[in-house]
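[1] give me the fold of what follows.
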Amino acid sequence: MPNSLLLLLVVLRAVAGDSGDAARDSADSCAGQRIHIRTLPQRFNTHLLRHCDAAFPLADPSAAATSAPSCESLANHGLGPRTHARSHSWYRTDARLLEPFFHRRLLERRCLVADPATADAVFVPYYAALDSLPYVLDPSLLNSSALHGASLAQFLARDRPQILSRRHGHDHFVVLAGSAWDHSQQPHSEPRLWGTTSLVRLPEFENFTFLAFESRSWPWQEHAIPHPTSFHPASLPRLDAWLARARRSRRTTLMLYAGGVSRPSRPNIRGSILAECANRTDACVVVDCSAGRCSHDPVRYMRPMLRAKFCLEPPGDTPTRQSTFDAILAGCVPVFFEDAAAKRQYGWHLPPGRYDEFSVHIQKETVVLGGVKIAETLAAVPDAEVRRMRERALEMAPRVLYRRHGSTTELREAGKDAIDLAVDGVLRRIRRRVLALDQGQPERIYAQEDDIVET
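    Numbering: from 1, shown residues only. I've put the predicted structure just below:
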């Protein structure tokens, strides 16, 4: 077993053993904040990590050489190895390991309770995306993909069933390190779609809240949380030092695109961006991230982002992109081409009413079909306005990063990070649903007013 995995397992067990008393010393301040972490058989979480180099490969063997070996990605409780020996805050993070990292961070929270009957919410530490890998990678299991999560559902119904039945699952939440779309195929649909499962469509989980990288069009069952970047500071001086660097960086490039560079077979916004960048090399830089070239290698794209004024964020296979959060962290003003790319997704972290303050929106149809030139549009933005948007983006940066576990009290008290805001949002959603149940207003369960937090 890799040393990094052994340490992760030991810490998870040790911290979990102390969590039952965390809320008793400050009962008043824990009102509405109590979380019970459900104890699961290790086959649903930590045992999945034991097979990192075999049954559950995290690294795509076809990816570029910069991809970290799969077991190395487990280092630092799922943040991955440091980018280099002298790095204090930058890691080669594999987003698919957010589930164990989120679990590790949750164990640091106050107001954890051992008795689920006293809990306001129940966290189910199921490493869902990792458990889905056999179904989405092994062709022989394609027709069995509807079984993803079924054994967990059976366990929850059998083991202390009163925990689940108390609120019919409305107080349960799970982290899903992927898009909800990829796990929302109807259980009985035929033929099965390659690369998808039916986890969030299983009837047993219909009342759970899933925290995923991307939500569906009507996300009453899930909520989107930021894609992890590679920056995970452990102290306030480290965070402040990075933000200061981003503020003083010389921005000599008008716009940047980081992503795949294969030309699409039919007109779309990404193809239009690539064509314009090819014709405007004086104004546009393209960072080729095809075939995993940027995987686990933040230097490849963060340095160019620090030199760019605007970062183009077109939708790809799905609307959202990790690059959006890298751009915010770099102070590179994001340019969106549809609301589904972020504005309709991350209301707990990036208030929709403030997007005009830190981003630019160009309707994709005007570029693809209407002849609008992106470079001309962005060049027309006054420098003072660009500086203002950059500052607002950097003010948002702490809200979308995932700080390192074991971070200093000073950093934790300075502001909430992506996990803090996600848990706050879950607790609000659960309170609203439980209140609707108690008041006999089941239709209120599906309201989404908790999805937007203006700050």
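[2] make it CA atoms for all contacts and neighbour counts henceforth
    Fine.
[3] surely Arg192 touches Ser140?
    No: with contact defined as Cα atoms under 8 Å, Arg192 does not count as touching Ser140 (11.9 Å).
[4] who's more crowded, the two?
    Taking other Cα atoms under 10 Å, Arg192 and Ser140 do not tie; Arg192 has more neighbours (18 against 10).
[5] pretty sure the more buried one sits in a strand.
    No: counting by DSSP: H, G, I helix; E, B strand; the rest coil, Arg192 falls outside a strand, being coil.
[6] now it: closest residue in space, sequence neighbours ignored.
    Nearest residue to Arg192, sequence neighbours excluded (Cα to Cα, 6 or more residues apart in numbering): Asn143, at 6.0 Å.
[7] and what of Gly195?
    Here the residue nearest Gly195, using Cα to Cα, 6+ apart, is Val136, at 4.3 Å.
[8] tell me how many other residues crowd that neighbour.
    Val136, neighbours per other Cα under 10 Å, totals 19.
[9] state the distance from it to Asp182.
    For Val136, the distance to Asp182 equals 10 Å [Cα to Cα, to the nearest Å].
[10] overlap of the contact sets of the two?
    Gly195, Thr196, Thr197 (Cα atoms under 8 Å, 6 or more residues apart in numbering).
[11] check contacts around the last one.
    Yep, that's Thr197 we're talking about. Each residue near Thr197 by Cα under 8 Å, 6+ apart is listed here: Ser132, Tyr135, Val136, Ser145, Ala146, Leu147, His148, Asp182, His183, Ser184, Gln185, Pro187.
[12] same thing but at 6 Å, please
    Residues near Thr197 by Cα atoms under 6 Å, 6 or more residues apart in numbering: Ser145, Ala146, His183, Gln185.
[13] buried subset of these?
    The neighbour count (16 or more other Cα atoms under 10 Å) marks Ser145, Ala146, His183, Gln185 as buried among those.
[14] closest to Gly316 among the residues you listed?
    His183 (18.0 Å; Cα to Cα).
[15] still on that earlier bit, wasn't the residue nearest to Arg192 part of a strand?
    No: counting by three-state DSSP, Asn143 is not found in a strand; it is helix.
[16] for it, give its distance to Ser151.
    Distance from Asn143 to Ser151, by Cα to Cα: 16 Å.
[17] between those two, who's got more neighbours?
    Ranked by neighbour count (other Cα under 10 Å), Asn143 and Ser151 place Asn143 first, with 15 against 11.
[18] pull up the gap between the more buried one and Ile273, please.
    Taking Cα to Cα, one finds Asn143 at 38 Å from Ile273.
[19] which residue ranges form the helices in the stretch 101-250 of the chain?
    Taking DSSP state H, counting those that start in this stretch to define them, one finds helices in the stretch 101-250 of the chain at 128-137, 150-158, 161-165, 236-248.
[20] now for those helices, which one comes closest to Leu329?
    Going by Cα to Cα, the one of the helices of the stretch 101-250 of the chain nearest Leu329 is helix 236-248, 7.8 Å.
[21] next SSE downstream of that closest one?
    Using DSSP states H and E, the next helix or strand after helix 236-248 towards the C-terminus is strand 253-259.
[22] neighbours of Asp240, how many?
    14.
[23] residue ranges with poor pLDDT in the chain?
    Counting by pLDDT under 70, the chain shows low-confidence ranges at 1-27, 53-70, 219, 448-455.
[24] where do the strands of it begin and end?
    Per DSSP state E, the chain carries strands over the ranges 35-37, 121-123, 172-179, 209-214, 222-224, 253-259, 284-288, 308-313, 333-336, 360-361.
[25] in JSON lines, list the buried ones among the contacts of Thr197 along with distance to Tyr126.
    Output for those, formatted as JSON lines (distance: Cα to Cα, whole Å):
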{"residue": "Ser145", "distance to Tyr126": "17"}
{"residue": "Ala146", "distance to Tyr126": "17"}
{"residue": "His183", "distance to Tyr126": "14"}
{"residue": "Gln185", "distance to Tyr126": "19"}
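[26] tell me the one of the residues you listed nearest Trp242?
    Nearest to Trp242 among those: His183, at 35.8 Å, using Cα to Cα.
[27] was I right about the closest one contacting Leu199?
    Yes: judged on Cα atoms under 6 Å, His183 makes contact with Leu199 at a distance of 5.3 Å.
[28] ok, now how distant is the closest residue to Glu338 other than its chain neighbours from Ala341?
    Nearest residue to Glu338, sequence neighbours excluded (Cα to Cα, 6+ apart): Gln363, at 6.2 Å. Gln363 sits 12 Å away from Ala341 when distances are taken as Cα to Cα.
[29] neighbour count winner among the two?
    Comparing Gln363 with Ala341 by other Cα under 10 Å, the one with more neighbours is Ala341, at 20 against 15.
[30] so the more buried one is in contact with Gln322, correct?
    No: with contact defined as Cα under 6 Å, Ala341 does not reach Gln322; the gap is 10.4 Å.
[31] that older thread, mind putting the shared contacts of Val136 and Asp182 in a markdown table, distance to Ser407 included?
    Shown next, in a markdown table, are those (distance: Cα to Cα, whole Å):
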| residue | distance to Ser407 |
| --- | --- |
| Gly195 | 36 |
| Thr196 | 36 |
| Thr197 | 35 |
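[32] which one of those residues is nearest to Lys373?
    Distances from Lys373 to those, taken as Cα to Cα, are shortest for Gly195 (35.8 Å).
[33] that closest one: how many residues sit nearby?
    Counted with other Cα under 10 Å, Gly195 comes out at 17.
[34] quick one: Ala327 and Pro116, what's the gap?
    Plainly put, Ala327 is 40 Å away from Pro116 if you go by Cα to Cα.
[35] these two: who's more crowded?
    Ala327 (30 against 19).
[36] now do the same contact list for Asp115.
    Contacts of Asp115 by Cα under 6 Å, 6+ apart: none found.
[37] one more time with 7 Å, if that's ok
    Applying Cα atoms under 7 Å, 6 or more residues apart in numbering, we find Asp115 in contact with His36.
[38] that one and Cys30, how far apart?
    Using Cα to Cα, one obtains 14 Å as the distance from Asp115 to Cys30.
[39] do the same with Pro228
    28 Å.
[40] for Phe337, phi and psi?
    Dihedral pair for Phe337: phi -120, psi 0, per degrees, to the nearest 10.
[41] shouldn't it be in contact with Ser359?
    No: using Cα atoms under 7 Å, Phe337 makes no contact with Ser359, being 10.7 Å away.
[42] when these two are compared, which one has more neighbours?
    The neighbour comparison of Phe337 against Ser359 (other Cα under 10 Å) goes to Phe337, with 23 against 20.
[43] ok, now which ones touch that one?
    Here Phe337 is in contact with Pro314, His361, Ile362, Gln363, Lys364 (criterion: Cα under 7 Å, 6+ apart).
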